[in-house]
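> quick one, structure for this:
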Amino acid sequence: MRPEPAEAIGLRVDGRSIAVAPGTTVAAALWSAGIFSCRTSLSGEPRGPVCGMGICFECRVTVDGVPHQRACLLPCAQGMVVETGLASASPGRTAAALGAAAVTPPGAAATPPGPAAPAFLGTAAVPGVGRAVAAGEALSAAATIRTDVAVVGAGPAGLAAACRAAEAGASVVMLDEAPAPGGQVWRRPTRLARAWSERFAASGARFLARATVIDALPGAVALAPPPASAANAAAPGATLLVDHAGRGLRVEARRLVIATGARERFLPFPGWTLPNAVGVGGAQALLKSGAAVSGRRVVIAGSGPLLLPVAAALARAGARIALVAEQAPARAVARFAAGLWRHPRLLAQAVRYRAAFWRAPYRCGVWVSAACGDGPTPEVREATLTDGRRSWRERCDLLACAFGLVPNLRLARLLGCATCGSGGRRVVRVDGLQETSVPGVYCAGEPTGIGGLELALLTGQIAGIAAASAARAAGAGEVAGAAGTATAGGAAAASRAAAASRAAGASRAAGAAPPARELASLQRRRDRRRGYAAALDRAFQPRSELQGLAAAETFVCRCEDVPLGRLDPAWSPRQAKLFTRAGMGPCQGRVCGPALELLRGWDEPDTVRAPLEPVPLAILASLGAEEASTSGAAPAPTPPAEVCS
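Numbers count the residues shown, from 1 in each chain. Reported below is the predicted structural model:
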């Protein structure tokens, strides 16, 4: 037996003592220990991690007595006690746990409830944060942060936006659910990731880890007192209500940049809910989080360029790649590859990835039609694949399958940002400076179109520059308004105006607006990369045969265990919710929604309401948002989707 690392973290999982390296998530620790089931579904099925990024809620476990925590987002801590299976799925709770009862978004299932307060702030354990709120314990009021620019999402686009905004002299706060910046792409640092991380650290921007936005309101409170005549005027920007490591937090920003990234599109087939059937990006996320895959036989299937780097990473980690199956026709993939001469770095990267698993076959026009387990435990043991003419079986103990990416649009839609396109191609509509239809709200990265790392960095930089410029201009206006108020309001008002003026002067001294030539260069490069994004979209569209994979008894809604046969093709998404609860579980349709758009042709998105994710009642109380979240008032109408030009 290999000796434990000197800095190993010890924890107990279902009564077993295990040791993991620092930085390992609970989900990765479970995998490394051979524990692949985290919870039991409503119908009694064992379930394990799928997305690896907190979207699917399938990896919920009980940690230190607090139920329903997402194992893929939670770093291991010394002495942590983890319970899986029935312990985390049971609706019964202790008196202490009742204090942390969670509210699911409007219309969501009451059972199982959402996650309780996370146990970490940043990357270090915070004593007491993960515990349940005891009955009768006093709740402190939520803190408030006021800033020039708030950035939601700490992936490449968010990092780029935060860096450029801070370098231009704006005060910047960046928020993310993860314990560290980088997003899914940079969960394990690369040279480029380290460069941006160092740039962020030097910029003066602030990062709030384990921060989940649960509500957002258009308009921000002025950071300096406005003149009396403008006191009630709507200001651009946004106010965010946040669950920050189990505490309520308000973030009021003159300008907001949405960089919420994308998630994988999962399509149901018989056996897709078995443990060890994960997303392609989910397998990558678990690997980067510390999961051991050495010696495991892996089938990777689905669609898109992500198949290559994930296969390469798993092979380098010691996994045996049995097959990489791309559902797109060989002709479409060849046409896409031929166009990569315009992007030599991407072409060289693809060659390196393929070389890492050169012994394994890479087949186009092939897709998974079923998965099954034949051992004493219910994990995946075999995948059935087909090319439309014949079918065959591949032995495996890990099946990574997903069909491309879809943008995360919930926050943008909650704020009323207009979208264009339809189905999985729906994106946030932005102008040349990445500003949305809502004044003061910008968007960057995958929510404006799936186009890869370079496009995300470019759109993030443009959004950060534009947001900082607008925020600084707004700050100057507030200072002028405060000075006018001071003239009429006496010494106290004069003192406030002087403080605002000093703050604005410091902001101006911190950075200068980038030359117009640089901004124009970024915009030209962004526009060229959008051509690559369009080619990507054309090449890897899901084929029509995928619509027939799910049988009538196949669950399409994993949260509520709703089989496809219960969904009438004539229903709308709202009718499906009312009659079957499909899309009403903790993930709020983020897994089944894109699948049903393809399977049932449900193009019109359902209404987005707050809270965006399950949240403890204590946090709503501290934010003073409980009445607004549960009043039943009709949500603001979502602008109609348009055709992108």
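> which one is G281 nearest to, not counting chain neighbours?
E264 (5.1 Å; C-beta to C-beta, 6 or more residues apart in numbering). (Glycine included, C-beta is placed from N, CA and C.)
> now do the contacts for the one you found.
Neighbouring residues of E264 by C-beta atoms under 8 Å, 6 or more residues apart in numbering: 51, 279-282, 402-406.
> export the residues you listed to a markdown table and tack on distance to S43, secondary structure and neighbour count?
Output for the contacts of E264, formatted as a markdown table (distance: C-beta to C-beta, whole Å; DSSP: H, G, I helix; E, B strand; the rest coil; neighbours: other C-beta atoms under 10 Å):
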| residue | distance to S43 | secondary structure | neighbour count |
| --- | --- | --- | --- |
| C51 | 20 | coil | 26 |
| G279 | 22 | coil | 28 |
| V280 | 26 | helix | 27 |
| G281 | 26 | helix | 25 |
| G282 | 22 | helix | 30 |
| A402 | 23 | strand | 26 |
| F403 | 25 | strand | 27 |
| G404 | 29 | coil | 24 |
| L405 | 29 | strand | 22 |
| V406 | 26 | strand | 22 |
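> for L175, state which of the residues you listed is nearest.
Nearest to L175 out of these is C51 (C-beta to C-beta; 19.7 Å).
> quick check: the closest residue to L409 other than its chain neighbours vs Q434, distance?
Using C-beta to C-beta, 6+ apart and skipping the chain neighbours, the partner closest in space to L409 is P447 (5.8 Å). Distance of P447 to Q434, given as C-beta to C-beta, to the nearest Å: 10 Å.
> thinking again about what came up before, confidence score at the residue nearest to G281?
Confidence at E264, expressed as pLDDT, is 95.
> next helix or strand past the helix or strand that contains T239?
Assessed by DSSP states H and E, T239 sits inside strand 238-244. Where DSSP H and E defines the elements, the next helix or strand beyond strand 238-244 is strand 247-258.
> strands paired with that following strand, and their directions?
Within its sheet, and counting by DSSP bridges, strand 247-258 is paired with strand 143-152 (parallel), strand 238-244 (antiparallel), strand 441-443 (parallel).
> what does the second one contact?
Surrounding strand 238-244, the residues in contact under the criterion C-beta under 8 Å, 6+ apart are 117, 121, 150, 152, 175, 208, 210-221, 248-253, 256, 415, 440-441, 610, 613, 615-616, 619, 623, 625.
> can you say which of those are buried?
Applying a neighbour-count criterion of 16 or more other C-beta atoms under 10 Å, the buried members of these are 117, 121, 150, 152, 175, 208, 210-220, 248-253, 256, 415, 440-441, 610, 613, 615-616, 619, 623, 625.
> inside helices: which ones of those?
Secondary structure from DSSP state H places 619, 623 of those in helices.
> circling back to that earlier point, just checking, the residue nearest to L409 is part of a strand?
No. Counting by DSSP: H, G, I helix; E, B strand; the rest coil, one finds P447 to be helix, located in no strand.
> mind checking how far it is from A150?
Using C-beta to C-beta, P447 is found at 15 Å from A150.
> swap in W186?
Shown here: W186 relative to A150, a distance of 21 Å by C-beta to C-beta.
> right, I'll call it a day here.
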